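Undergrad: sharing a sequence plus its predicted fold:
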Amino acid sequence: MTMPAAGASEGARAAAATAQRVEKALDVSALRHNVSVLRTAAGGRRLMAVIKGDAYGFGAVAVGRLLLDAGVDALAVDTVAEGLELRERGITAPLLVMDVDVAANARDCAEQGLMPAVASADQVLRHAEEASRRGAPSTVWLRANVGFNRFGPRGEAGFDEVLARLDAAQDALRVAGVFAHLSSSAGDPAETAEQVARFHARAARARRLFGAGCSASLAATHGLLHPQALTGTDWVRPGIGLYGLLDPRSRTLPGWAASPLAGLQPALSVRARVLDIVDLPEPEGVGYDRRQVPGGRRLAAVGIGFARGLAGASDSLAGLLHGVRCPMAGKPGMDCTQFDVTDVPAARPGDWLTLISPTPAGSPASAESVARDLGRSLYELLVSLRMPVRLTDQTAQRHADAEPDDRPQRRSETDAG
């Protein structure tokens, strides 16, 4: 038998076949709305949208383009490889690489116009040497360690050493700004206040050296709930808030009551097909380790398992089938999980079972509730949902649904790849 030649078309066919059984959808209208909400919360500061982790699993190239179209001013990623993918796909916007990367990738940063973070003297040196080799200055951001303790010196003397090295390298390096990560802005106002004060002091020293044109950025999504984190800064770096999601602890912070973030709209939905239905007349074990299920139950095998992010046994996780809550039965398999559909007599193979819907936080099918049921953070949940992404526009669809029947309907969905 002759096998077809390998190529991009085969990858597209495989993705399309996968999308027939499991998919997540991103509501583009909600994404645009959330950009507007975040811009309001930022109080006129510029937005640098964080699309690390393949845009939290939604697809960095597609989401990056959507965000730039929605008016964000720059993008940020974690690694040089992520930045290179965006450049290779034609995205030319300012692009910060937030995490320190390996020395071997300094050349790619310079050649592709990426803005690497530098947090130590040797990192300054590597990028300065590369810029000198090329005969053209490179742009960097200074990353300050104010308590996150992942990159850069914790003490003031160590930070001043980095500043001195940057000052000496001003012919080769342009310092666009100074930034830091807040470690507990979703839930600890006291610690956040300490880190904010430390950042303000370090940003002031950087600006004395590099001038008023040296920008400052501290707040990400949850930092917007701490007004002092915005003081004296020029940029905000939202990530998970772009998708209308927040750490549930953030709603107890003092800054929540007056914050525009309450207007964020969830943009994620996840669903999978029913593949088969098995009737169990007697009590019996199900799946791996044969967890017991009572007799007289109907179980649907649904096309999602731990390879696509549904991992761990949970007594509270359920999906929605024909609007009815159907609890998970047994443990997930690699690509398939059973759900109890006894209360849905009309259930048939081919039906879609919804696991996550863009409903308000705390509702049973919200991303927040599913993350809690699986014992994960929202961040961990999003990046674990490895499946094709469908872009939808619910606003356009609602308008289309309101049109008279004899008018042509607008297409509201595109393939995100």
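TA: That came in fine, so what should we check first? Numbers count the residues shown, from 1 in each chain.
Undergrad: the helices in this structure, which residues?
TA: Shown for the chain, the helices assigned by DSSP state H span residues 8-19, 28-41, 52-56, 60-69, 80-88, 106-112, 121-134, 156-168, 189-210, 367-373, 378-384, 394-402.
Undergrad: check those for me: which has the lowest mean pLDDT.
TA: Note on the helices of the chain: lowest mean pLDDT is at helix 394-402, with a mean of 53.
Undergrad: and the longest strand along the chain, what other elements does it pack with?
TA: The strand that spans the most residues within the chain, counting by DSSP state E, is strand 268-280. With contacts defined as 3 or more CB pairs under 8 Å, 6 or more residues apart in numbering; DSSP states H and E, strand 268-280 has these neighbours: strand 22-27, strand 297-302, strand 352-356. Heads up, the C-betas are built off the backbone N, CA and C, glycines and all.
Undergrad: gap between the closest residue in space to S314 that isn't next to it in sequence and A318?
TA: Excluding the flanking residues, the one nearest S314 by CB to CB, 6 or more residues apart in numbering is D373, at 4.8 Å. Distance, D373 to A318, using CB to CB, to the nearest Å: 8 Å.
Undergrad: and what of A157?
TA: With CB to CB as the criterion, A157 and A318 are 55 Å apart.
Undergrad: neighbour count for those two, which is higher?
TA: A318 (21 against 7; other CB atoms under 10 Å).
Undergrad: ok, now how distant is the more buried one from P364?
TA: 7 Å.
Undergrad: now the common contact residues for those two.
TA: R325 (CB atoms under 8 Å, 6 or more residues apart in numbering).
Undergrad: contact partners of stretch 191-209?
TA: 142, 144, 146-148, 159-160, 163, 166-167, 175, 178, 180, 182-185, 214, 216, 218, 223, 226, 228-229, 231-233.
Undergrad: all strands for the stretch 301-417 of the chain, in order.
TA: Along the stretch 301-417 of the chain, counting by DSSP state E, counting those that start in this stretch, strands occupy 318-321, 324-329, 337-340, 352-356, 389-392, 413-415.
Undergrad: now list the buried members of the contacts of stretch 191-209.
TA: 142, 144, 146-148, 159, 163, 166, 175, 178, 180, 182, 185, 214, 216, 218, 223, 226, 228-229, 233 (16 or more other CB atoms under 10 Å).
Undergrad: which of those fall in strands?
TA: Those of the buried ones among the contacts of stretch 191-209 mapping onto strands are 142, 175, 178, 216, per DSSP E.
Undergrad: can you list the low-confidence ranges for the stretch 201-350 of the chain?
TA: 313 (pLDDT under 70).
Undergrad: that older thread, and the helices and strands packed on strand 268-280 as TSV, adding distance to P260 and mean neighbour count?
TA: Converted to TSV, those look like this (distance: least, CB to CB, whole Å; neighbours: other CB atoms under 10 Å):
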stretch	distance to P260	mean neighbour count
strand 22-27	19	24
strand 297-302	37	22
strand 352-356	24	22
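Undergrad: among those, which comes closest to S138?
TA: Closest to S138 of these, according to CB to CB: strand 22-27, at 33.8 Å.
Undergrad: rewinding a little: paired strands for the longest strand of the chain, with orientation please.
TA: In the sheet, strand 268-280 lines up against strand 22-27 (antiparallel), strand 297-302 (antiparallel), strand 352-356 (antiparallel) (DSSP bridges).
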